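Engineer: here is my input, please return the structure:
(2 chains)
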There are 2 protein chains.
Amino acid sequence: MATTGDNGDLLPGGICVLGLGLIGGSLVRALDSRTTTFGWSPSEGTRTAAAADGVDVLGDLDAALERADATGALTVLAGPVTSFPSVLRRIDAVAPTLALTDVASVKAPVETQVAELAPQARFVGSHPMAGTAQSGWAAGSADLFTDAAWVTTLTEDTDPADWAAVAAMALATGARVVPAEALAHDEAVARVSHLPHLLALVLAQVGAAGGTLALSLAASSFRDGTRVAGTRPELIRAMCETNRDSLLDAVDDALGILGVARGSLASTGSLAKLAEAGHAGRMRYDAGPGTLVPVTLQGADLIEQLLSIGAAGGHVTGVGAGAGGPVVRAHFPTDG
Amino acid sequence: MATTGDNGDLLPGGICVLGLGLIGGSLVRALDSRTTTFGWSPSEGTRTAAAADGVDVLGDLDAALERADATGALTVLAGPVTSFPSVLRRIDAVAPTLALTDVASVKAPVETQVAELAPQARFVGSHPMAGTAQSGWAAGSADLFTDAAWVTTLTEDTDPADWAAVAAMALATGARVVPAEALAHDEAVARVSHLPHLLALVLAQVGAAGGTLALSLAASSFRDGTRVAGTRPELIRAMCETNRDSLLDAVDDALGILGVARGSLASTGSLAKLAEAGHAGRMRYDAGPGTLVPVTLQGADLIEQLLSIGAAGGHVTGVGAGAGGPVVRAHFPTDG
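Structural biologist: All right, here's what the predicted structure looks like:
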């Protein structure tokens, strides 16, 4: 169990992926040689395309859930968040105690939905921090998750075995697993994923308002700064609007910092404070979490240990079976 | 005169580059095989490094200006904008009627400075839209300007022959030449170059404020959105603070758009307006100016014709000598 991505014998024998868009489709491809996978899609076009690429794909949701239940497969909610309530109701009706995860970009609202609509499911939320401006089955690839952070959410009630199955799946795709509480995840991604989308949209709009000359002079700072504004608007909305409370805090921070800089530029002509603080922020990002050392986690307070790893900037590199529950290998920052 | 970069016989027989940082150093390298170049730097370290790379470099500013005057070389202000007043005073004292350009990122303030401090100089402002987060002689490269937009500024008093010399130099580096009025340039770059830097600084600061977990979850949207925050703060300040008036307008637009989006998200939960308008802006940028057709410009209203080309998203591809003044080849958008 020495290498990243090692997941011992805890990788589920089957993975049922509900929704075969960019993320679900990439997941099926990434796990193809590692375990048995099968999928469900409500779209006939997607089913046809996925089947042509060799995927075992069903059009009947209940049949997919029954098969997951009968084979002990881990089921993954990989459709839009707006589809979750109806799917969760089918789970509660057909296979209420399924091992279940999701790959949505917000975690606290999903945790609440699952608790309400499929309360018996053995649920552990997750979120792979990977994507492209493209979407749909055709946009997926087996290496989408390679070296990406894959958040797995924990509560004090999480069964370590349920978490280990989700972690093993994520590790099998080549991702590094970051344990976190759902709300901490939502606050973090509001700042480093959702706010970047809003600022890209603002910049694209202000740039285009400058007209043809402005756009013809735009170079790499504008191109990079607006890249994610090329994502389909409905996907940006689905991601950002579902994380409203955390995103509002991040937007207020951005408005406050930009407003203060505006006042300073207007009154004194100086952007010193913004330039120094922003540069320091980027340098801190570039520096990363520092030197990582391997550690082994196990025991009754495993969940607490896992959350400490994630909060410090570390990540899980392997999971295996031990006498008293999962044994977890992780990388922990020495100065974390 | 069929290919981009063709500049007929109008490329000056000598180019004197004052300042050998990223832009000046790249200019010397790019022109090396095309015409005679020599440079000046106030920094002994820069002179030593440039000389070791084969550059004819002087440490005495007056001597460089006298040589430019005697040989009819085009002189390029390539140092920081803050150095311009002292250099312009030496020009006015030593070689007042020099052919002169600059490569600063703001144009109207420089035009004003030159008119005040070196009023007899045959000045045409310019700005290559190229750069990296690095700086200094060592960061330069001969291909920095390849396919970049290189703005050349025009007033109703510009002598077309002076403009053509600057355009020929820019074309010789592989850039496409965009004619514009100084203020129109400043308003455009505030939106597509300076505002991107401010938003990158804001995003880097908000992201870092999210702590270690947030930074460990940051993926490509944060990385791309904060890239230029890695530029040295003093370079960002020099660029943005000198374009204060136009930048304030762009910042106010950004604050207004983000503020309205914030209100909509808080009150109705919707980001539809921002998502649609921002996406449309990026799509317009991606679409570019449309199909370009070759045109030839010449005659008494050449300056007016050149400004029309730039405003429409076109660019100059070649300059040559004609009986009645410069003959200009350009690409003009068919739907511009």
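Engineer: get me the contact residues on the stretch 51-200 of chain A for chain B.
Structural biologist: Taking C-beta under 8 Å from any C-beta of the partner chain as the test, the list of the stretch 51-200 of chain A residues beside chain B reads A:129-131, A:148-149, A:151, A:178, A:180, A:184-185, A:187-189, A:191-193, A:195-200. Glycine gets a C-beta too; all of them are placed from N, C-alpha and C.
Engineer: which residues in the stretch 201-336 of chain A form helices?
Structural biologist: With DSSP state H, counting those that start in this stretch as the definition, the stretch 201-336 of chain A shows helices at residue ranges A:211-217, A:220-226, A:233-241, A:244-267, A:272-287, A:302-311.
Engineer: and what of the stretch 1-150 of chain A?
Structural biologist: With helices called from DSSP H, counting those that start in this stretch, the stretch 1-150 of chain A shows them at A:22-31, A:44-52, A:61-71, A:84-94, A:108-117.
Engineer: ok, A:V57 touching A:F38?
Structural biologist: Yes: the pair A:V57 and A:F38 qualifies as a contact (C-beta atoms under 8 Å) at a distance of 7.0 Å.
Engineer: report the beta-bridge partners for A:A321.
Structural biologist: Partner residues in beta bridges with A:A321, using DSSP bridges, are A:P326.
Engineer: that one: neighbour count?
Structural biologist: Using other C-beta atoms under 10 Å in any protein chain shown, the number of residues around A:A321 comes to 12.
Engineer: of A:V57 and A:F38, who's got more company?
Structural biologist: The neighbour comparison of A:V57 against A:F38 (other C-beta under 10 Å) goes to A:V57, with 23 against 18.
Engineer: show me the contacts for the more buried one.
Structural biologist: With contacts defined as C-beta atoms under 8 Å, 6 or more residues apart in numbering or on different chains, A:V57 is in contact with A:20, A:38-41, A:47, A:50-51.
Engineer: and it, how far is that from B:L201?
Structural biologist: The span separating A:V57 from B:L201 equals 46 Å under the rule C-beta to C-beta, to the nearest Å.
Engineer: ok, A:T296 next?
Structural biologist: A:T296 sits 41 Å away from B:L201, going by C-beta to C-beta.
Engineer: between those two, who's got more neighbours?
Structural biologist: B:L201 (31 against 13).
Engineer: would you confirm that that one contacts A:A272?
Structural biologist: No: at 11.2 Å, B:L201 does not count as touching A:A272 under the criterion of C-beta under 8 Å.
Engineer: mind putting the helices of the stretch 201-336 of chain A into JSON lines with distance to B:P326, mean pLDDT and mean neighbour count?
Structural biologist: Written out in JSON lines, the entries for those read as follows (distance: least, C-beta to C-beta, whole Å; pLDDT from 0 to 100; neighbours: other C-beta atoms under 10 Å in any protein chain shown):
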{"stretch": "helix A:211-217", "distance to B:P326": "22", "mean pLDDT": "95", "mean neighbour count": "23"}
{"stretch": "helix A:220-226", "distance to B:P326": "31", "mean pLDDT": "96", "mean neighbour count": "23"}
{"stretch": "helix A:233-241", "distance to B:P326": "46", "mean pLDDT": "93", "mean neighbour count": "20"}
{"stretch": "helix A:244-267", "distance to B:P326": "39", "mean pLDDT": "98", "mean neighbour count": "18"}
{"stretch": "helix A:272-287", "distance to B:P326": "41", "mean pLDDT": "97", "mean neighbour count": "19"}
{"stretch": "helix A:302-311", "distance to B:P326": "64", "mean pLDDT": "96", "mean neighbour count": "20"}
